[in-house]
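[1] Test case, fold it:
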Amino acid sequence: SASAGSLSAARSVALQSAKQHNNTNQLATNALNYGCLMTIGAICPLLRAGLFCAVMMPVSAAASCIGRHVASSAACRRSHQLPVPSPAASAAFASMISSPLTVDKLQVSNCVNLSVAAHSEKEEVESSSGSSPADARQDILSPWAETKKRGGRNKARFRQHVNPLARRFQMETELPKDWPRSRFDDLSLPLHLDIGCGKGGFLLELATMRRRQEDADEGTTRRNYLGLEIRPNVARHAQERVERWDLTGKVDFVGCNANVDLRRLLSLYQGSGVGMIDFVSIQFPDPHFKAAHTKRRVVTPELVTILADFLSEGKEVFIQSDVKDVFDDMRERFRDQASLFEDTVQDFEKFLPENPIGIPTEREISVLDQDLPVYRTIFKRTANVVEKY
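    Numbering: from 1, shown residues only. Have a look, this model is predicted:
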């Protein structure tokens, strides 16, 4: 209807112009000028709606004639006058404005066929150049690769969320040479693994506190500490803090996707010494609230199985969150494999009132300061062996 109104207005303008100038050529020129501009302006919303082919094909003949004429008209009697259109252009436009705007199915089909042909030609060019999806994946730089540091950036500001299912986060992380020997002084020590460590404050505080206990009591169990963080810049920031806290050789942070690299990392640690995985903490993971995004959550059945593979009987997994739905989801994942892990809090509607570790995370401090609840529990590894399929 908008296009029909524009065409009607175009005819009125053309007729008024003809009366003023009494010139047949000027009539066609004005009609072409105003009619085309107003028609194209009226169908812009349709273009955005994806109806480009259906709307523009009926005026393609007139447009092509106009384009050829304007391109070939170099001489004008005055600079403010438009060139006189050719008879073919005048006839085409007259035919267009005298009939209602319709959609020719054949024209639309031809347009679609042209688009498909163009896409096929592009694929042939790509295949002839030797590129493939696998090659494209290899060209993507690992998000955890060492990059040049940007100066003047506020390190307190980090991106809060990433999509762990994105292609670049499905790549294996790039580890330092000779990891973990290059990062830990004593690989015979048991390992505390923190999945989703953020900026590392929790592990740094915990390692510092326990080092004081170790110095005061030689009987205290000594440990190494490893934090995993999917956000590359956050993981680098956490690693930079290790030296400042004087914990080099005891604490390490690795930027990775735990659901991609966990088995490899734990295999490298246990394969490099006699140290075992002693304790695992998963605290305040990204909730991914949207229903379509729940598959992005870190605790998956596969992750539970991997932890069971590396934890011996009696070793513990501590989980906590301030989002009840997220906590329940993590809890169900471990409870679904009850033969491998036992919930120390039997009632599903209950949880631990206090943090058994004694060191709160930054998120935990923020939540408790607002008098909001934190949901916690500990799972213990059973004696059952993981079934291999």
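[2] Does Asp215 belong to a helix, a strand or coil?
    Three-state call for Asp215 (DSSP: H, G, I helix; E, B strand; the rest coil): helix.
[3] And it, how close does it get to Met209?
    Plainly put, Asp215 is 11 Å away from Met209 if you go by C-beta to C-beta, to the nearest Å. To be clear about C-beta, it is placed using only N, CA and C from the backbone, and glycine gets the same treatment.
[4] next one: Trp144
    Going from Trp144 to Met209 by C-beta to C-beta gives 29 Å.
[5] Give the residue from these two that has the larger number of neighbours.
    Trp144 (25 against 13; other C-beta atoms under 10 Å).
[6] per-residue pLDDT, that one?
    Note on Trp144: pLDDT of 79.
[7] now it: how far from Thr220?
    In this view, Trp144 and Thr220 are 33 Å apart by C-beta to C-beta.
[8] Ok, Thr300 next?
    Distance from Thr300 to Thr220, by C-beta to C-beta: 34 Å.
[9] same question, Gly200
    With C-beta to C-beta as the criterion, Gly200 and Thr220 are 22 Å apart.
[10] what about those two, which has more around it?
    Taking other C-beta under 10 Å, Gly200 and Thr220 do not tie; Gly200 has more neighbours (27 against 13).
[11] List the contacts of the closest residue to that one other than its chain neighbours.
    Distances taken as C-beta to C-beta, 6 or more residues apart in numbering put Ala238 closest to Gly200, at 3.2 Å, once the chain neighbours are dropped. Contacts for Ala238 (C-beta atoms under 8 Å, 6 or more residues apart in numbering) come out as Cys197, Gly198, Lys199, Gly200, Gly227, Glu229, Phe253.
[12] Which of the helices or strands spans Ala238?
    Element membership of Ala238, judged by DSSP states H and E, is helix 232-244.
[13] So which bits of that helix are buried?
    Pro232, Asn233, Val234, Ala235, Arg236, His237, Ala238, Gln239, Arg241, Val242 (16 or more other C-beta atoms under 10 Å).
[14] what's downstream of that helix, the next helix or strand?
    Heading C-terminal from helix 232-244 (DSSP H and E), you reach strand 251-255.
[15] Give me the contacts around that next one.
    Here strand 251-255 makes contact (C-beta under 8 Å, 6+ apart) with 143-144, 173, 175, 180, 183-184, 197, 200, 203-204, 207, 224-232, 234-236, 238-239, 242, 245, 261, 265.
[16] Of these, which belong to strands?
    Asn224, Tyr225, Leu226, Gly227, Leu228, Glu229 (DSSP state E).
[17] Rebuild those residues as CSV, extending it with distance to Pro373.
    Below are the ones in strands among the contacts of strand 251-255 laid out as CSV (distance: C-beta to C-beta, whole Å):
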residue, distance to Pro373
Asn224, 32
Tyr225, 28
Leu226, 29
Gly227, 25
Leu228, 26
Glu229, 25
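[18] ok, these vs Thr361, which is closest?
    Set against Thr361, the nearest of the ones in strands among the contacts of strand 251-255 by C-beta to C-beta is Gly227 (11.2 Å).
[19] helix, strand or coil for Glu342?
    strand.
[20] Now do the contacts for it.
    Per C-beta under 8 Å, 6+ apart, neighbours of Glu342: Phe379, Lys380, Thr382.
[21] all strands of the stretch 251-389 of the chain, in order?
    Using DSSP state E, counting those that start in this stretch, the strands of the stretch 251-389 of the chain run over residues 251-255, 277-283, 316-321, 341-343, 375-381.
[22] The nearest residue to Met171 once chain neighbours are set aside and Arg331, how far apart?
    Setting aside the residues directly before and after it, Met171 is nearest to Ser142 in space (C-beta to C-beta, 6+ apart), at 5.1 Å. Ser142 is 33 Å from Arg331, where distance means C-beta to C-beta.
[23] Looking at the two, which has the bigger crowd around it?
    Between Ser142 and Arg331, counted using other C-beta under 10 Å, Arg331 has the larger neighbour count: 20 against 16.
[24] what residues are up against the closest residue to the more buried one other than its chain neighbours?
    Using C-beta to C-beta, 6+ apart and skipping residues adjacent in sequence, the residue nearest Arg331 is Thr377, 6.3 Å away. Applying C-beta under 8 Å, 6+ apart, we find Thr377 in contact with Phe318, Ile319, Gln320, Arg331, Asp343, Thr344, Val345, Phe351, Leu352.
[25] Buried members of these into PyMOL, please.
    To isolate the buried members of these in PyMOL, using 16+ other C-beta under 10 Å:
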select buried, resi 318+319+320+331+343+351+352
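[26] okay, the contacts of Thr377 in JSON lines with distance to Gly271 next?
    Formatted as JSON lines, the contacts of Thr377 follow (distance: C-beta to C-beta, whole Å):
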{"residue": "Phe318", "distance to Gly271": "25"}
{"residue": "Ile319", "distance to Gly271": "27"}
{"residue": "Gln320", "distance to Gly271": "30"}
{"residue": "Arg331", "distance to Gly271": "31"}
{"residue": "Asp343", "distance to Gly271": "31"}
{"residue": "Thr344", "distance to Gly271": "30"}
{"residue": "Val345", "distance to Gly271": "34"}
{"residue": "Phe351", "distance to Gly271": "36"}
{"residue": "Leu352", "distance to Gly271": "34"}
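[27] Quick check: of the contacts of Thr377, which lies closest to Pro285?
    Closest to Pro285, out of all of those and judged by C-beta to C-beta, is Ile319, at 8.6 Å.
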